[in-house]
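Student: Sequence and predicted structure are below.
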Amino acid sequence: MLCQKCGHKNASVHLTKIINGNKSEIYICEDCARENGELDFPLEGKFPLYQFFSGMMGMNVPGGDAAAPVPATVTGIQCSACGLTYPQFGQIGRFGCDRCYEAFGRNILPLFRRLHGNQKHMGKIPARAGTNLKLRKKIEQLKLELQKKIAEEAFEEAAGIRDRIRELEQKLVAGGETDA
């Protein structure tokens with residue numbers, strides 16, 4: 001489809017405007033969209049990802065707050081594979097290679113906690129394929145609960161949890177075909 005404004009180039013931008021309840025649609029090329037100011041987004045280029053990560057890590061960024069120093073405990077850390085330093089990671093907001101995670105691992109856990117609320121992945125499990133995995137997770141969760149009950153000396157509740165763990169372990173051995 002050709003641009004509906006200039007009629008020369010292929011239309012790559014679809015604009016829909018609703019003004020006073022009247023909807024108008026136009027297909028225009030990128031050049032015409034720029035001329036009309038349709039491709040100017042207020043936050044574009046003003047919120048780079050590296051500034052976000054650097055702020056979360058409490059690091060100094062170029063053009064940022066000079067009062068936020070790089071923590072002394074991480075200034076000397078460097079990836080042995082690619083040579084990326086921890087302050088460089090804070091500035092660019094991404095790792096240099098697959099070994100950077102291991103090099104910076106202990107120091108980025110607080111960052112993960114702030115970003116995700118947890119440092120352990122808590123994703124969803126597929127309904128069909130995850131039966132055994134769900135059982136294992138439930139058993140793991142019950143074992144932690146069992147340890148708490150034992151520490152609290154709530155032995156009757158602990159015995160009930162122990163029995164539930166045994167029951168789930170039997171289901172796991174049998175193939176996990178019934179619901180957890």
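Tutor: The structure has been received and is ready for your questions.
Student: C-alpha from now on. contacts and neighbour counts both.
Tutor: OK.
Student: Quick one: low-confidence residue ranges for the protein.
Tutor: Residue ranges of the chain with pLDDT under 70: 38-75, 112, 114-129, 176-180.
Student: Tell me where this protein has strands.
Tutor: Ranges of strands in the chain, per DSSP state E, are 13-19, 22-28.
Student: can you list the domain ranges for this structure.
Tutor: 1-40, 49-116, 131-174 (automatic domain parsing).
Student: Show me what counts as buried in the first one.
Tutor: Judged by neighbour count using 16 or more other Cα atoms under 10 Å, the buried positions of domain 1-40 are Cys3, Lys9, Ala11, Val13, Tyr27, Ile28, Cys29, Glu30, Asp31, Cys32, Ala33.
Student: hang on, the earlier thing: can you say which of the strands of the chain is nearest to Ile165?
Tutor: strand 13-19 (57.3 Å; Cα to Cα).
Student: Strand 22-28 and the closest one, what's the angle between them?
Tutor: Angle of strand 13-19 versus strand 22-28, following axes from the mean of the first three to the mean of the last three Cα atoms, to 10 degrees, is 160 degrees.
Student: Give the pairing partners of strand 13-19; include direction for each.
Tutor: strand 22-28 (antiparallel) (DSSP bridges).
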